[in-house]
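Trainee: generate a structure from the sequence data that follows.
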Amino acid sequence: MSSRRGGWPAVAVALLLAATGCSAGSGPVALAQPSPRASTPAPDPRKTALAETAKSLPAVLAAQGPVACSWNDDGWRATAYDDAFRTGVASFSSVTLAPLLTEIAAKAGGEEAVVRSLCGEEGDPGVSPVSPDGRRIAVQVDFPSGGDPTHVGWLDLGTGTFVDLTDRSNKKGYVKETFSDKYPGFAPDGSFWFLRDSQQYFSADPDGRLTPRKVSLACFTNSNDDTFYRVVGSVAVMCPGTVHPSGRFAADPSRVAVGMNLMQGAELDILANTVDRYEDAPLQLPFGMEIVVRDGGLRHCDPLAWINATDLLCAGGSNDFYTARINPRLARNDVEYVQHTEVKVKNEIAPATESSIISVALSRDRRSLIIAAGENDDTATAKLYRADLSSPSAPVEIGPIPAESREHFTLLNNYQQPVRADGTSP
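Mentor: You can find the predicted model right below:
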């Protein structure tokens, strides 16, 4: 029945009169005022951020379709799509972490705390900003220019605790010792890695115990400011996506002298050649067998990824893509001087084009190449194409770049095949 016509309030009045022994005509009765409803507490932004991150980030990482990253002044966003790029399957924005990162920076006395994009700067993050189980995130705390050294650590999404490994290592007291750590990330086995004092890599187990690590001379440069590296077995490797599935060597992009010409090709660098620190690297790096592609004439090859144990995906000099057949036995550790060998094209994947190549990725199953191309790098008008790697034919148009991912659009390129710690591909 409606309370406007004698519902629960009328019943309350009758009960009150009966309880006091008064009749309706004995005078006014003071009714107890209902207690105000308890106000709903405002949600805790910290807990909300942890819950959203723990839910959305693993969903993006587990998606089987393509992943696109974008960024603006507020931060980066990673979105997993279906194969047609029409439906977003999962998405995560670094803005979600803002309350937590602000807190981390304040406690460390830093200027800001940052988490790298899932796509890195150019489609490959190297060491992952997220642990394989999705429970921890690698964080770097930056300080003002000329201020304290940079700190690294991880944020535990289950507890909200930030483990500052740099602060743990710093020694306070009569004799002080401080470190500057950067470029944190997780290896495939879940260990946490970083570069200390721009010289030596370290890994940390879940309890924070540190182990010094070696750096491979494969793809090595003398600049220790490089932000990119990946972990193969127990060694830091600076090769972007071109480590062979065996884990034994990598195709290092190189300029190869052929007669009077210099051609873009690759040098097959052995990963086992290592040093402890950047400053230990020899002036003359170990020689590796150099590879050039001949297809009638010499052909430009910028090595991108191994499709399998013998087929290397190359970007040509005219925005074309093809695979070259390479015998893994060419990678040797007894090369004593500069020498090269010629290999042949296996398959044409995508023909030359005057369009700008904005971003390129392999599908997760390594059966197709996804290409974002357009005029003048304009993502608003660019199109996505798919080229078949197993049965090469003309690239097929998928559609436009999704509107929500157009700002600084980058595909997670999936170039690097997983390599087990024992040096074999799974």
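Trainee: the helix or strand harbouring F92 pairs with which strands, and in what direction?
Mentor: Taking DSSP states H and E as the criterion, F92 maps to strand 88-93. Here strand 88-93 is paired, per DSSP bridges, with strand 75-81 (antiparallel).
Trainee: not counting its own residues, what contacts the partner strand?
Mentor: 59-60, 63, 65-71, 87-95, 98, 117-119, 402, 404-405, 412 (Cβ atoms under 8 Å, 6 or more residues apart in numbering). The way it works is simple: take the backbone N, C-alpha and C, and place the C-beta from them, glycine included.
Trainee: now do the strand holding F92, average pLDDT.
Mentor: The average of the pLDDT scores along strand 88-93 is 96.
Trainee: need the next SSE after it, C-terminal direction.
Mentor: With DSSP H and E, the next secondary element past strand 88-93 is helix 98-108.
Trainee: alpha carbons of that following helix, as CSV, please.
Mentor: The C-alpha coordinates for helix 98-108 follow below in CSV (Å, rounded to 0.1, in the frame of the first residue of the first chain):
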residue,chain,number,x,y,z
ALA,A,98,48.2,8.1,-11.4
PRO,A,99,47.2,8.1,-7.7
LEU,A,100,49.7,5.3,-7.0
LEU,A,101,52.6,6.8,-8.9
THR,A,102,52.1,10.2,-7.3
GLU,A,103,52.3,8.5,-3.9
ILE,A,104,55.4,6.5,-4.8
ALA,A,105,57.2,9.6,-6.1
ALA,A,106,56.3,11.6,-2.9
LYS,A,107,57.5,8.8,-0.6
ALA,A,108,60.8,8.5,-2.5
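Trainee: quick one: list the elements packing against that helix.
Mentor: For helix 98-108, the elements it packs on are helix 45-62, strand 112-114, strand 136-142, strand 151-156, strand 162-164, judged by 3 or more Cβ pairs under 8 Å, 6 or more residues apart in numbering; DSSP states H and E.
Trainee: where does this protein have low pLDDT?
Mentor: The chain contains residues with pLDDT under 70 at 1-40, 146-148, 222-226, 420-426.
Trainee: related to what we said a few turns ago, just the buried members of the contacts of strand 75-81?
Mentor: Buried members of the contacts of strand 75-81, counted by 16 or more other Cβ atoms under 10 Å: 60, 63, 65-71, 88-94, 117-119, 402, 405, 412.
Trainee: how far out from the middle of the chain is stretch 138-148?
Mentor: With Cα atoms, centre = their mean, to the nearest Å as the basis, stretch 138-148 stands 20 Å off its chain's centre.
Trainee: I misspoke; the intended subject was stretch 52-66.
Mentor: How far stretch 52-66 lies from its chain's middle: 12 Å, per Cα atoms, centre = their mean.
Trainee: just the CA trace of it, in PDB.
Mentor: Taking Å, rounded to 0.1, in the frame of the first residue of the first chain, the C-alpha atoms of stretch 52-66 are listed here in PDB:
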ATOM      1  CA  GLU A  52      41.300  -1.700 -12.100                       C
ATOM      2  CA  THR A  53      45.000  -2.300 -12.900                       C
ATOM      3  CA  ALA A  54      44.900  -5.800 -11.600                       C
ATOM      4  CA  LYS A  55      41.900  -6.500 -13.800                       C
ATOM      5  CA  SER A  56      42.600  -4.700 -17.000                       C
ATOM      6  CA  LEU A  57      46.400  -5.000 -17.500                       C
ATOM      7  CA  PRO A  58      46.500  -8.900 -17.500                       C
ATOM      8  CA  ALA A  59      43.500  -8.900 -19.900                       C
ATOM      9  CA  VAL A  60      45.400  -6.900 -22.400                       C
ATOM     10  CA  LEU A  61      48.500  -9.100 -22.000                       C
ATOM     11  CA  ALA A  62      46.500 -12.300 -22.400                       C
ATOM     12  CA  ALA A  63      44.600 -11.100 -25.600                       C
ATOM     13  CA  GLN A  64      45.400 -13.200 -28.700                       C
ATOM     14  CA  GLY A  65      44.600 -10.400 -31.200                       C
ATOM     15  CA  PRO A  66      46.700  -7.300 -32.100                       C
END
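Trainee: which residues does that stretch contact?
Mentor: The contact list for stretch 52-66 (Cβ under 8 Å, 6+ apart) reads 67, 78-83, 85, 89-92, 96-97, 118, 130, 134-135, 137, 157-158, 361, 363-364, 370, 411-412.
Trainee: write the ChimeraX selection for whichever of those residues are buried.
Mentor: Here is the ChimeraX command that picks out the buried ones among those, judged by 16+ other Cβ under 10 Å:
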select :67,78,79,80,81,85,89,90,91,92,96,97,118,130,134,135,137,157,361,363,370,411,412
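Trainee: quick check: S359 is in a strand.
Mentor: Yes. Using DSSP: H, G, I helix; E, B strand; the rest coil, the secondary structure at S359 is a strand.
Trainee: residues in contact with it?
Mentor: G123, I371, A372, F409, T410, L411, N413.
Trainee: please apply the same query to I291.
Mentor: 251, 256, 265-268, 301, 324, 326, 330, 340-343.
Trainee: buried subset of those residues as a PyMOL selection?
Mentor: The PyMOL command for the buried members of the contacts of I291 (criterion: 16+ other Cβ under 10 Å) is given here:
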select buried, resi 251+256+265+266+267+268+301+324+326+340+343
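Trainee: save the contacts of I291 as TSV, and put in distance to T242 and secondary structure too.
Mentor: Formatted as TSV, those follow (distance: Cβ to Cβ, whole Å; DSSP: H, G, I helix; E, B strand; the rest coil):
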residue	distance to T242	secondary structure
A251	4	strand
V256	15	strand
G265	12	strand
A266	8	strand
E267	10	strand
L268	10	strand
C301	11	coil
A324	12	strand
I326	11	coil
L330	14	helix
H340	17	strand
T341	17	strand
E342	19	strand
V343	15	strand
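Trainee: most centrally placed residue in the chain?
Mentor: Residue closest to the average C-alpha location in the chain (Cα atoms, centre = their mean): L118, at 2.6 Å.
Trainee: got the residue ranges for the strands in the stretch 151-300 of the chain?
Mentor: 151-156, 162-164, 181-186, 192-196, 200-204, 210-216, 230-232, 235-237, 249-258, 261-270, 274-275, 289-295, 297-299 (DSSP state E, counting those that start in this stretch).
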